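**Q** Need a 3D model of the sequence below.
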Amino acid sequence: MVLSLFALGFFLSLPGSASDYQSPRAAGLGGAGHAAPLLNDAIYLNPSYSAFLQSYSVGISYQNFYGTQSGQGAGRQYNVSIQDGRSPLFQAGLGYTVREDGAMVHLAASRLVAQRVSVGVGTKFMMPNDASRRGAQELTVAATAIPLPYFIVSVQAENLIQSNASLEQRFQREFILGTKFTLENILALYADPHFTPVLADPWGYELGAELIAFKDVTLRAGLFQNANVGFVGARTRGFSAGAG
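**A** Next comes the predicted model:
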């Protein structure tokens, strides 16, 4: 069993949502890490990867964010999640997030189809605070492969339904390629380009680096462009840093 106890992440974004929910680790990487999310991040970043995480994990987080000096864009959010990768049949996770604009439920399930290949499916439900806005549900499919010990690649399609209610909640159909390169088990590099056909500027990316500074201390940095940051409620660009 793994319980996430401490992690910090912050980023500066410039007006211009990487995922609906970003853990402190994901925020420190600028939303990167789709190819190899850590523990419960798989629920949000890549539902197929939990097949490689054969553990039982619980995560709890609280985030504060600040917008302009007038307070616009400021707020907070809470998240609790649980993931079980020990079942031989399939691996699954559940996450619940309370944001400024409402609450979200994420479900994810995955299974190995070969020794180093997995597939997964995820769904989410948005329950807005504003009674004038409709709730929405969406679907994600993903696959992950580990062709080399130091290289992981994933592909996924998010928000496949893309109904009118989904578009009201900014759930646009998006295709993401995730990659991870590991150097000497000390430095990990992430590059996650993505394509969102409905946008006038459909291309974006998240880039991240993760350095194991000490045995139990990791430093992170990220850079993102035209990326979906859920709690900001907009596509944005900027940079990030974090530690855990």
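**Q** contacts, neighbours, all on C-alpha from now
**A** OK.
**Q** list the contacts for residue 139?
**A** By C-alpha atoms under 8 Å, 6 or more residues apart in numbering, the residues touching residue 139 are 121, 122, 123, 124, 158, 159, 160, 161.
**Q** Does it belong to a helix, a strand or coil?
**A** Recorded secondary structure, residue 139: strand (DSSP: H, G, I helix; E, B strand; the rest coil).
**Q** coming back round to it: turn the contacts of residue 139 into JSON lines, including pLDDT and secondary structure.
**A** Converted to JSON lines, the contacts of residue 139 look like this (pLDDT from 0 to 100; DSSP: H, G, I helix; E, B strand; the rest coil):
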{"residue": "121", "pLDDT": "97", "secondary structure": "strand"}
{"residue": "122", "pLDDT": "95", "secondary structure": "strand"}
{"residue": "123", "pLDDT": "95", "secondary structure": "strand"}
{"residue": "124", "pLDDT": "94", "secondary structure": "strand"}
{"residue": "158", "pLDDT": "93", "secondary structure": "strand"}
{"residue": "159", "pLDDT": "93", "secondary structure": "coil"}
{"residue": "160", "pLDDT": "94", "secondary structure": "coil"}
{"residue": "161", "pLDDT": "92", "secondary structure": "coil"}
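**Q** PyMOL command for the buried members of these?
**A** Selection of buried members from these for PyMOL, criterion 16 or more other C-alpha atoms under 10 Å:
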select buried, resi 121+122+123+124+158+159+160+161
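**Q** Tell me the one of the contacts of residue 139 nearest residue 98?
**A** residue 124 (13.2 Å; C-alpha to C-alpha).
**Q** So that closest one versus residue 32, what's the distance?
**A** Residue 124 sits 20 Å away from residue 32, going by C-alpha to C-alpha, to the nearest Å.
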